[in-house]
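Enquirer: The following comprises the amino acid sequence and a computationally predicted model.
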Amino acid sequence: MSETPATTASPAPATRPVPAQPAALVIHNSLTGFSRAYGEWIAEDLGADVMSWEQARRLPLRGYDLIVFGAGVRMSTIRGFSAFRRKLAKEGLEKSGRVLVWANGGTPVHPDRNWRVPAATFTRAELAQDRYPFFYFEGGVRYEGLGLVEKALLKTFAKRVQKYRHRGEWAVAVADGIVEGYDHTSREAIAPLVERARRILDGE
């Protein structure tokens, strides 16, 4: 009686490992919700992780291919950026070229705003090297969530801004709306930042 030769299964074809997708993190330092809204929109468009600065400051950032930080404007500076800068320096990321920064404030996009906020926030070396590409978005005014000091500063600004109505329609709109508050956030505004972020993630 002859035996049927055993058949051996052919080995499965080797599969290539799927390369990991570039990882991005969006950090918002939000006081009244405008920065959080922008941060969540940016994260959705990039497929990125998103968290508050209070969460991010306790976590390592080195594993990300791109970090986006954003916050509201206080006295022409980006709220919390100094602490964020120190964390970047501690982790050796301050010159990585993988950090984008945005600010949102109560006034519309304007050439004045485009240079005043970076000039008040970044050092001369950071500006000269374009170390942290900067984007400004209009947010709004919301009194809920503000502390006593912040409310007092905003009310003082509300009085001062009435003197600048002659500067144009945007100044009139701010002066009229600041007393009760307003929301001028726009998802379309994030497009330039998202485009720049994708170029970084693509290695350009």
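Expert: Here it is on my side, so go on.

Enquirer: Identify the residues contacting V26.
Expert: By C-beta atoms under 8 Å, 6 or more residues apart in numbering, the residues touching V26 are G39, E40, I42, A43, L46, A48, D49, V50, M51, V68, G70. Every C-beta, even on glycine, is put in place using the N, C-alpha and C of the backbone.

Enquirer: Who are the packing partners of the lengthiest strand in the chain?
Expert: Scanning the chain for the strand with the most residues, using DSSP state E, yields strand 66-74. When contacts are defined as 3 or more C-beta pairs under 8 Å, 6 or more residues apart in numbering; DSSP states H and E, strand 66-74 packs onto strand 24-29, helix 34-46, strand 77-78, helix 81-90, strand 99-105, helix 191-201.

Enquirer: Now flag whichever of the contacts of V26 is closest to S186.
Expert: Distance to S186 across the contacts of V26 (C-beta to C-beta) is lowest for I42, with 12.6 Å.

Enquirer: Distance of that closest one relative to L127?
Expert: Using C-beta to C-beta, to the nearest Å, I42 is found at 23 Å from L127.

Enquirer: More neighbours: the two, which one.
Expert: I42 (25 against 15; other C-beta atoms under 10 Å).

Enquirer: Which pLDDT value goes with that one?
Expert: We have a pLDDT of 98 for I42.

Enquirer: would you turn the helices and strands packed on strand 66-74 into CSV with distance to H184?
Expert: Formatted as CSV, those follow (distance: least, C-beta to C-beta, whole Å):
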stretch, distance to H184
strand 24-29, 17
helix 34-46, 9
strand 77-78, 18
helix 81-90, 22
strand 99-105, 9
helix 191-201, 16
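
Enquirer: for the ones you listed, which one sits closest to T123?
Expert: Of the helices and strands packed on strand 66-74, the one closest to T123 (C-beta to C-beta) turns out to be helix 81-90, at 8.8 Å.

Enquirer: before we move on, back to that, are any of the contacts of V26 buried, and if so which?
Expert: Taking 16 or more other C-beta atoms under 10 Å as the criterion, what is buried in the contacts of V26 is G39, I42, A43, L46, A48, V50, V68, G70.

Enquirer: how near is the fourth one to V73?
Expert: Per C-beta to C-beta, L46 is found 23 Å from V73.

Enquirer: With A37 instead?
Expert: 15 Å.

Enquirer: helices and strands of this protein: which one has the lowest mean pLDDT?
Expert: helix 169-177 (a mean of 63; mean pLDDT, DSSP states H and E).

Enquirer: Now N104: closest residue in space that isn't a chain neighbour?
Expert: G139 (3.7 Å; C-beta to C-beta, 6 or more residues apart in numbering).

Enquirer: For V101, the count of nearby residues, please.
Expert: By the criterion of other C-beta under 10 Å, V101 has 26 neighbours.

Enquirer: Run through the residues that contact V99.
Expert: Remark: with contacts taken as C-beta under 8 Å, 6+ apart, V99 is in contact with L66, I67, V68, F69, L88, L93, R131, Y132.

Enquirer: Let's see that with 6 Å instead.
Expert: Neighbouring residues of V99 by C-beta atoms under 6 Å, 6 or more residues apart in numbering: I67, Y132.
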